[in-house]
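> Predicted structure and sequence below. I'll ask about it afterward.
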Amino acid sequence: MFRDFIRKTRLPSGVDGDLRIIEVKDLGFKYAGTDFYAIKEVNLEINEGEFVILAGKSGCGKTTLLRCLNGLIPHFYEGEFEGRVLIDGVDTRDCPPYILSQKAGMVFQNPDNQLFALSVEADIAFPLENLGLPREEIRDRVEWALKLLKIEELRSRSPFELSAGQKQKVAIASVLAMRPKILLLDEPTSSLDPISAKNLIDAIIELNRKHRLTILISEHRLTHLIPHADKLAIMDKGKILYFDEPRKVLKEDVLMYGVSIPRVVEVVREMRKIGGCLPFREVPLSVDEFIRDLRGVLR
Ligand SMILES: Nc1ncnc2c1ncn2[C@@H]1O[C@H](COP(=O)(O)OP(=O)(O)OP(=O)(O)O)[C@@H](O)[C@H]1O
Ligand SMILES: [Mg+2]
């Protein structure tokens with residue numbers, strides 16, 4: 001029955017021919033017991049397969065926005081909800097969370113909240129068992145998810161004895177086993193050392209590039225992510241101030257919004273201020289791009 005409902009409420013593709021998988025219209029939310037909007041007047045359109053970074057100071061509303069996208073708001077958190085959120089054509093207010101979690105899977109900042117079984121395999125299988133899937137299908141999906149995250153060797157380990165980075169990968173695998181089209185990640189690298197963080201980010205980038213998974217990631221460490229992102233959203237005080245290609249957003253003065261931009265962007269900006277004419281047509285997003293542009297001029 002729900003399938004029919006979803007089919008009926010599916011929106012047409014975006015005007016540019018891409019499928020609009022996330023559509024947020026005039027969204028606002030006040031948590032119960034508070035007298036301010038945690039997010040306000042949020043409008044967002046994301047196409048299938050896009051990789052989007054959500055950045056901004058602590059408390060600006062990133063987690064709240066992600067909660068709205070997977071239906072935790074309004075189904076779990078109480079409060080005043082305004083506007084609407086369409087996920088894969090379905091209004092989150094009309095759709096139960098267990099259906100939404102198969103469309104938009106969320107990985108939380110602290111993976112310990114998501115892992116509870118005695119083995120990694122059992123943890124990944126648990127939500128699938130809850131869906132009542134046949135045994136064989138569950139086994140196939142667990143294998144697929146373990147392979148996707150390259151964590152096959154962890155299958156029999158207890159999630160509690162894993163490193164923070166390994167735990168995050170298991171949490172992502174268990175969300176992906178639900179086969180969502182959208183992966184929402186809330187500061188997944190915040191408890192990781194720089195090398196484990198880069199390793200996890202590489203895995204996330206691969207999921208987007210190879211498997212066309214739509215990804216929305218809230219993150220403070222932008223350096224490694226930025227060159228791969230299609231869009232960068234900058235939030236402040238519950239509102240989205242910028243939402244565009246990273247190169248365009250980084251032309252703006254965004255440092256004041258608590259965004260740690262790649263050092264190379266800062267260098268080029270400062271050079272522009274003092275030197276006027278520079279060889280770069282655009283802001284280079286990585287050291288590799290910077291060197292390539294420089295080589296082009298020096299040749
Ligand atoms: N469960 C809740 N009940 C009441 N207020 C909340 C709740 N969760 C968040 N808030 C408030 O909503 C606002 C936005 O918080 P949110 O957690 O979305 O910010 P954030 O950008 O994710 O911050 P951080 O970078 O620290 O994770 C803050 O003022 C916060 O105190
Ligand atoms: Mg947060």
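Cool, the structure landed. Numbers count the residues shown, from 1 in each chain. Ligands and ions are numbered 1, 2, ... in the order given.
> how's this structure carved up into domains?
1-103+188-196+210-260, 110-179, 262-299 (automatic domain parsing).
> quick one: the helices in this structure?
For the chain, the helices defined by DSSP state H cover 2-9, 62-69, 72-75, 97-100, 120-130, 135-148, 164-176, 194-211, 246-249, 263-275, 287-298.
> buried stuff in the fourth one?
Within helix 97-100, the residues that qualify as buried by neighbour count (16 or more other CB atoms under 10 Å) are 99-100. All C-beta spots, glycine's among them, are computed from the backbone N, C-alpha and C.
> Near ligand 1, which residues of the stretch 51-200 of the chain? Just list them.
56, 58-64, 77 (CB under 6 Å from any ligand atom).
> and the residue of the protein nearest ligand 2?
residue 63 (3.2 Å; CB to the ion).
> who's the nearest residue to that residue once chain neighbours are set aside bridged to?
Spatial nearest neighbour of residue 63, chain neighbours left out: residue 186 (5.5 Å); criterion: CB to CB, 6 or more residues apart in numbering. For residue 186, the beta-bridge partners are residue 218 (DSSP bridges).
> Would you confirm that residue 186 contacts residue 216?
No - contact criterion CB atoms under 8 Å: residue 186 and residue 216 do not qualify, at 9.4 Å.
> Mutual contacts of the two, please.
residue 66 (CB atoms under 8 Å, 6 or more residues apart in numbering).
> Compare these two and say which is more crowded by neighbours.
Legend: neighbour count by other CB atoms under 10 Å for residue 186 and residue 216, higher for residue 216 (26 against 20).
> Might one say that the more buried one is in contact with residue 66?
Yes - the pair residue 216 and residue 66 qualifies as a contact (CB under 8 Å) at a distance of 6.9 Å.
> tell me, what's touching those two both at once?
Joint contacts of residue 216 and residue 66 (CB under 8 Å, 6+ apart) are 54, 184.
> So for the closest residue to residue 209 other than its chain neighbours, what pLDDT did the model give?
The shortest distance from residue 209 to any residue other than its chain neighbours is 7.5 Å, reached at residue 228 (CB to CB, 6+ apart). Residue 228 carries a pLDDT value of 92.
> Residue 53: what's it in contact with?
Neighbours of residue 53 in contact, by CB under 8 Å, 6+ apart: 217-219, 222, 225-226, 229, 231-233, 246.
> can you do 10 Å?
185, 215-219, 222, 225-226, 228-234, 246, 249, 259 (CB atoms under 10 Å, 6 or more residues apart in numbering).
> tally of neighbours for the nearest residue to residue 230 once chain neighbours are set aside?
What sits nearest to residue 230 in space, not counting adjacent residues and going by CB to CB, 6+ apart, is residue 50, at 4.5 Å. Neighbours of residue 50 under the rule other CB under 10 Å: 21.
> likewise residue 121?
21.
> separation between residue 89 and ligand 1?
Separation of residue 89 from ligand 1 (CB to the nearest ligand atom, to the nearest Å): 25 Å.
> and what of residue 215?
Distance from residue 215 to ligand 1, by CB to the nearest ligand atom: 17 Å.
> what do you get for residue 211?
Residue 211 is 26 Å from ligand 1, by CB to the nearest ligand atom.
> Near ligand 2, which residues of this structure are found?
Taking CB under 5 Å from the ion as the measure of proximity, the chain contacts ligand 2 at 62-63.
> longest strand anywhere in the chain?
The single longest strand within the chain, with elements called by DSSP state E, is strand 20-31.
> That strand: which residues count as buried?
Applying 16+ other CB under 10 Å to strand 20-31 flags 20-24, 27-30 as buried.
> still on that earlier bit, for the residue nearest to residue 230, which residues are in contact?
18, 20-22, 182, 208, 212-216, 229-231.
> Top of those residues by number of neighbours, please.
residue 216 (26 neighbours).
> Hmm, it is touching residue 65, no?
Yes - counting by CB atoms under 10 Å, residue 216 does reach residue 65; the two are 8.6 Å apart.
> Residues that sit against both of these two, list them.
The contact lists of residue 216 and residue 65 share 44, 54, 184, 186, 233, where a contact means CB under 10 Å, 6+ apart.
> Distance from stretch 38-46 to the middle of the chain?
15 Å (CA atoms, centre = their mean, to the nearest Å).
> pLDDT on it, on average?
Stretch 38-46 comes out at a mean pLDDT of 97.
> Wondering if that stretch reaches ligand 1 at all.
Yes - counting by CB under 6 Å from any ligand atom, contacts between stretch 38-46 and ligand 1 involve residue 38.
> buried sites along that stretch?
38-40, 42, 44-46.
> Output it as CSV - backbone C-alpha positions only.
Extracted in CSV, the C-alpha atoms of stretch 38-46 (Å, rounded to 0.1, in the frame of the first residue of the first chain):
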residue,chain,number,x,y,z
ALA,A,38,16.7,25.9,15.7
ILE,A,39,16.3,26.2,11.9
LYS,A,40,14.4,28.8,9.9
GLU,A,41,13.4,29.6,6.4
VAL,A,42,15.4,26.7,5.0
ASN,A,43,15.1,26.1,1.3
LEU,A,44,17.1,23.4,-0.4
GLU,A,45,17.0,21.3,-3.6
ILE,A,46,19.4,18.4,-4.0
